[in-house]
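> sequence? don't have it. structure:
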């Protein structure tokens, strides 16, 4: 396949600071408000997971950041540019992995990827050479042995790997991932997580939307929870767990008996357990609230207007509108 040469373009200097910066983002469809003042930032090399119930506005937020939808109001900058005004030079710095997209199923895997790679050649710089070498990329996403297969013959998981490769072929500086590992088997998911961490180590900013809370827990430096049209929690997975409950459940087995105890200070409690006379321990587990439990609790509190019990949760939920604001 021959790709016609593209014109040379002049590339701007890379902007400093946060790669994604959003303040008071608002979006309404007709008279229905969807986003009521979203604030978020994503730094270089940061992996941020955006979580929220269906209908919370996650897709709308991502489409605005990608430049596919104009906001009703607010300050939005991605790589220093207002997305809706971004040109092709700016767009070359973005990678997008949609939940699904259609293409010509008779294309062969390597053929399609090489074709798309050609569009990034004019945007190559010494600091960020483009595109990603196709064969190397196919190897990284686990499709090297499928390079000559027609796309229509790929399994669902293999097709998803190709989606990821398409999002990466331009060596983006900001990568948007929408449910990226749907259909992956456990080994493919683990390989993908390794790839994402290596990209973050190369200062690629990654914004991930997923319903897989375990994936968010493993990948994300920070988790944002979108509910009620606003970001209602922003912190590490551990921050969110602690915001819901500081209590840990300690379970241990000794002398044929299983014991369960709840405590806010498991370290001190276990010192006493270990110092007590008895036979060897046959089981020991210290368990705190999972990210999934924390997420569901936070969303429930927003949706029901329930009071927040812990100081840390009050800080994380400070942006939640009161019932009066929400219904006005």
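Arrived safely. The structure displayed is predicted, hence computed values, not measured ones. Residues are numbered from 1 along each chain as shown.
> residues touching residue 156, list them.
By Cβ atoms under 8 Å, 6 or more residues apart in numbering, the contact set of residue 156 is residue 183. In short, each C-beta sits where N, CA and C put it, glycine included.
> Could you check the pLDDT of it?
For residue 156, the pLDDT comes out at 84.
> again, but for residue 327
34.
> can you check residue 246 too?
67.
> what residue is smack in the middle of this protein?
Centroid check for the chain by Cα atoms, centre = their mean gives residue 208 as the closest residue, at 1.8 Å.
> which parts of the lengthiest helix in the chain are buried?
The longest helix of the chain (DSSP state H) is helix 186-201. By 16 or more other Cβ atoms under 10 Å, the buried positions in helix 186-201 come out as 188, 189, 191, 192, 195, 196, 199, 200.
> and that helix, how far out from the chain's middle?
13 Å (Cα atoms, centre = their mean, to the nearest Å).
> going forward, begin numbering at 371 instead of 1
Sure thing, new numbering starts at 371, so read that last one as helix 556-571.
> right, and the helix or strand after that helix?
strand 575-579 (DSSP states H and E).
> and the residue sitting furthest away from the middle of the chain, what element?
Farthest-out residue of the chain from its mean C-alpha position, per Cα atoms, centre = their mean: residue 647, at 47.7 Å. Using DSSP H and E, residue 647 falls within no helix or strand.
> what about residue 587, helix or strand, and which?
Using DSSP H and E, residue 587 falls in helix 583-589.
> wait, what's in contact with the closest residue to residue 432 other than its chain neighbours?
Leaving aside its sequence neighbours, residue 432 sits nearest to residue 546 (Cβ to Cβ, 6 or more residues apart in numbering; 5.8 Å). Shown in contact with residue 546 (Cβ under 8 Å, 6+ apart): 432, 435, 436, 464, 465, 466, 467, 537, 577.
> In contact with the last one, which residues?
The neighbours of residue 577, taking Cβ under 8 Å, 6+ apart as the test, are 390, 412, 418, 420, 432, 435, 544, 545, 546, 547.
> Same question for the second one.
Residues counted as contacts of residue 435 (Cβ under 8 Å, 6+ apart) are 390, 392, 446, 448, 453, 546, 577.
> For residue 629, see how far away the residue farthest from the centre of the chain is.
Shown here: residue 647 relative to residue 629, a distance of 15 Å by Cβ to Cβ, to the nearest Å.
> cool, residue 533 as well?
From residue 533 over to residue 629 the distance is 48 Å, taken as Cβ to Cβ.
> who's more crowded, the two?
When residue 533 and residue 629 are compared for neighbours, residue 533 comes out ahead with 23 against 11, by other Cβ atoms under 10 Å.
> Quick check: closest non-adjacent residue to the more buried one.
In space, residue 533 is closest to residue 467, 5.4 Å off (Cβ to Cβ, 6+ apart).
> Show me the beta-bridge partners of the one you found.
Residue 467 has these beta-bridge partners by DSSP bridges: residue 547.
> Pull the number of nearby residues for it.
19.
> I'd say it and residue 548 touch.
Yes - look at residue 467 against residue 548 with Cβ atoms under 8 Å: they come within range, at 6.2 Å.
> Can you list the neighbours in contact with stretch 527-535?
Residues contacting stretch 527-535 (Cβ under 8 Å, 6+ apart): 467-468, 470-471, 479, 482-483, 507-508, 510-513, 516, 521, 524, 547, 550-555, 558, 562, 565.
> Just the buried residues from those residues, in PyMOL please.
Entered in PyMOL, the line below selects the buried ones among these, by 16+ other Cβ under 10 Å:
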select buried, resi 467+479+482+483+507+508+510+511+512+513+516+521+524+547+550+551+552+554+558+562+565
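> So which of the contacts of stretch 527-535 sit within strands?
Among those, DSSP state E puts 467, 547 in strands.
> all helices for the stretch 521-670 of the chain, in order.
Along the stretch 521-670 of the chain, the segments classed as helices by DSSP state H, counting those that start in this stretch run 526-538, 556-571, 583-589, 607-614, 636-645, 661-674.
> Of all the ones you listed, which one is nearest residue 654?
Closest to residue 654 of those, according to Cβ to Cβ: helix 636-645, at 8.2 Å.
> can you tell me the average pLDDT over that closest one?
Mean predicted lDDT for helix 636-645 stands at 88.
> what does stretch 584-602 give?
Per-residue scores along stretch 584-602 average to 90.
> so how far is it off the chain centroid?
Using Cα atoms, centre = their mean, the offset of stretch 584-602 from its chain centre is 8 Å.
> Return the set of buried residues in that stretch.
Going by neighbour count (16+ other Cβ under 10 Å), the buried part of stretch 584-602 is 585-590, 592-602.
> if we can go back for a sec, how about CSV for the buried residues of helix 556-571, with distance to residue 399 added?
Converted to CSV, the buried residues of helix 556-571 look like this (distance: Cβ to Cβ, whole Å):
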residue, distance to residue 399
558, 37
559, 34
561, 39
562, 33
565, 36
566, 32
569, 34
570, 34
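> Thank you kindly, that will do.
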